[in-house]
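Novice: heads up, no residue letters with this:
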DNA sequence: TTGATTTACTACACGGCGTTTAGTGAGTGC
DNA sequence: GCACTCACTAAACGCCGTGTAGTAAATCAA
């Protein structure tokens, strides 16, 4: 994973710290591998330790608890997913708003189908009695996703605005930090735009989650088709013309 | 629960069978109670047995495995949910199609918010390595949900059809049993109608699931509002005029 | 009524889990 | 060279699902 390329660096990191970071990374890597075959529940401290030739207790030197490890994994996997969708969006020209929205959506599904266990890790509520704290770090990823979609909605707003003119929201209806970022990035977008972004998010998430959780495939044999048509309808509903 | 009112009945059920059925029902009831506080993972055979003054092994006389019990719970809870949404739909006159669709959606969310653990049980992929078989009985509930929504789409089809005229589907794209029921109930509905029904399902599910899984509330303070506006947009997108 | 049989259940064991605690040996810093 | 920190092991605790052997009571047949 980590290529060995910073030897002349002054010891901003001691040898101990480096070894420590490497072990920590290996724990996460093994955990992800175990999850890939066997589902999120296959992430057990004992199994990871076994795989690494350690005892389970040793992991407590790196993560306070199993849930802390899972949280770290979620953060990592989530940022992979975000990089994928953001990349797909940014690969299209800024004036092709419809294309960018569809690209985001298509990439979301493609990633989810390719990494179903990762998707479950992030969005399935799995993992024992997890979620109560729902770490700040996870919420940060959530915000980043929301910002990305909001940016797209802001681009689409000129054509979409008149469809949502009767929906009056206040900025106070949304998370403060998120609002601040959105308002500086898109000063002309009204609160209703943020609301639309979250609704679009739900609309994309719905079909993808149903499919990954196995709730769609027994009924419809071509969920990809279903999803793509939904995306087309989505951009149409935003006043854009799909490609 | 079960009132004691069928004494003159001939022993279509022996005393043994009755006791057996009662114990089975108690197991499920206790399991649901444990789940209500403590989440789906709190359903442990040992905890149930403890609560009932039995040993864990005794439960194997009633359910082959923990997953079998969970499946039975899912079926029960799912049919509760379905009864709720179908009831809400049928409480409105047949000609108020928009109202019936919104009622279905609103009731879905209301039920989910009132029974978050039940919703997780059904739709969260939780529960250890569950899901592989995804019992026939569960899929049956899925179909019933889909049929219900398809009925609504069929009612809306006169006004919605022209919006989906370019989407050509075949009945072969869908589950055979589902298709048969839909076609006899709504002979004029084309396959694209079934596709729209599933997409509507995904659209409703998306926001509700995000909220129940705690992924929406940190960002938006009024998810109900968000959801209701989405439902309004949904019926509008079907060519209907919301109330 | 009595004897055979079915049934519901207990007791116990196995292996796996997360987590804690006490102890050990090698690497680090003065 | 010495004190010390740190990564780790070993063993235990109390959970869990699951299988097996045994028991006592309910049921049925004569």
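Specialist: Now that the structure is in, tell me what you want to look at. Note that the structure is a prediction, hence the values are computed from the model and not measured. Numbering: from 1, shown residues only, chains lettered A, B, ... in the order given.
Novice: any idea which residue sits dead centre in chain A?
Specialist: Using CA atoms, centre = their mean, the residue of chain A that lies closest to the mean C-alpha position is residue A:78, 3.9 Å off.
Novice: domains for chain A, by residue range?
Specialist: A:14-63, A:67-237 (automatic domain parsing).
Novice: where's the closest residue to chain B within chain A relative to residue A:234, distance?
Specialist: Here the residue of chain A nearest chain B is residue A:206; by CB to the nearest CB that distance is 2.5 Å. Where you see a C-beta, it was placed from the backbone N, CA and C, and this is true even at glycine. For residue A:206, the distance to residue A:234 equals 11 Å [CB to CB, to the nearest Å].
Novice: quick revisit: is it true that the residue nearest to the centre of chain A touches residue A:122?
Specialist: Yes. At 5.4 Å, residue A:78 and residue A:122 qualify as touching, with contact defined as CB atoms under 8 Å.
Novice: wait, a strand at residue A:32?
Specialist: No. Applying DSSP: H, G, I helix; E, B strand; the rest coil, one finds residue A:32 to be helix, outside a strand.
Novice: thought it was touching residue A:72?
Specialist: No. Applying CB under 8 Å, one finds residue A:32 not in contact with residue A:72, separated by 10.5 Å.
Novice: neighbours of residue A:183, how many?
Specialist: Look at residue A:183: counted by other CB atoms under 10 Å in any protein chain shown, it has 14 neighbours.
Novice: hang on, I meant residue A:228
Specialist: By other CB under 10 Å, the residues close to residue A:228 number 17.
Novice: how about residue A:51, nearest residue that isn't a chain neighbour?
Specialist: Using CB to CB, 6 or more residues apart in numbering or on different chains and skipping residues adjacent in sequence, the residue nearest residue A:51 is residue A:30, 5.0 Å away.
Novice: for that neighbour, which residues are in contact?
Specialist: Neighbouring residues of residue A:30 by CB atoms under 8 Å, 6 or more residues apart in numbering or on different chains: A:48, A:51, A:52.
Novice: helix or strand for the first one, which one?
Specialist: Using DSSP states H and E, residue A:48 maps to helix A:45-52.
Novice: elements contacting that helix?
Specialist: Of the remaining helices and strands, those touching helix A:45-52 by 3 or more CB pairs under 8 Å, 6 or more residues apart in numbering or on different chains; DSSP states H and E are helix A:15-36.
Novice: doesn't residue A:189 make contact with residue A:154?
Specialist: Yes. Counting by CB under 8 Å, residue A:154 does reach residue A:189; the two are 4.6 Å apart.
Novice: got the contact list for residue A:32?
Specialist: Residue A:32 touches A:73, A:76, A:77, counting by CB under 8 Å, 6+ apart.
Novice: likewise residue A:155?
Specialist: A:94, A:97, A:100.
Novice: hmm, 10 Å instead?
Specialist: Going by CB atoms under 10 Å, 6 or more residues apart in numbering or on different chains, residue A:155 touches A:89, A:94, A:95, A:96, A:97, A:98, A:100, A:101, A:186, A:189, A:238, A:240.
Novice: quick check on it: phi, psi?
Specialist: phi -70, psi -30 (degrees, to the nearest 10).
Novice: kindly report the same for residue A:54.
Specialist: Torsion angles, degrees, to the nearest 10, at residue A:54: phi -130, psi -180.
Novice: out of the contacts of residue A:30, which comes closest to DNA strand D?
Specialist: Distance from DNA strand D was checked for each of those by CB to the nearest atom of the strand. The minimum falls on residue A:52, at 8.2 Å.
Novice: count of neighbours near that closest one?
Specialist: 15.
Novice: hang on, it packs against residue A:28?
Specialist: No. The pair residue A:52 / residue A:28 is not scored as a contact, 11.3 Å apart, by CB atoms under 10 Å.
Novice: what sits in contact with each of residue A:78 and residue A:122?
Specialist: A:138, A:141, A:142, A:145.
Novice: restricted to helices, list these.
Specialist: Filtering these for membership in helices, criterion DSSP state H, returns A:138, A:141, A:142, A:145.
Novice: quick one: low-confidence ranges for chain A?
Specialist: A:1-12, A:125-134 (pLDDT under 70).
Novice: run the last query once more with 80
Specialist: Low-confidence segments of chain A (pLDDT under 80): A:1-16, A:124-135, A:242-243.
Novice: what does it put close to DNA strand C?
Specialist: Chain A has residues A:14-16, A:43-47, A:50, A:56-57, A:60, A:65-67 near DNA strand C, with proximity defined as CB under 7 Å from any atom of the strand.
Novice: now do 6 Å
Specialist: Counting by CB under 6 Å from any atom of the strand, chain A comes close to DNA strand C at A:14-16, A:44-47, A:56-57, A:60, A:65-67.
Novice: and those residues, which are buried?
Specialist: A:45, A:66, A:67 (16 or more other CB atoms under 10 Å in any protein chain shown).
Novice: residues near the closest residue to residue A:172 other than its chain neighbours, how many?
Specialist: Closest residue to residue A:172 apart from its sequence neighbours, by CB to CB, 6+ apart: residue B:221 at 7.5 Å. Residues within reach of residue B:221, counting by other CB under 10 Å, total 14.
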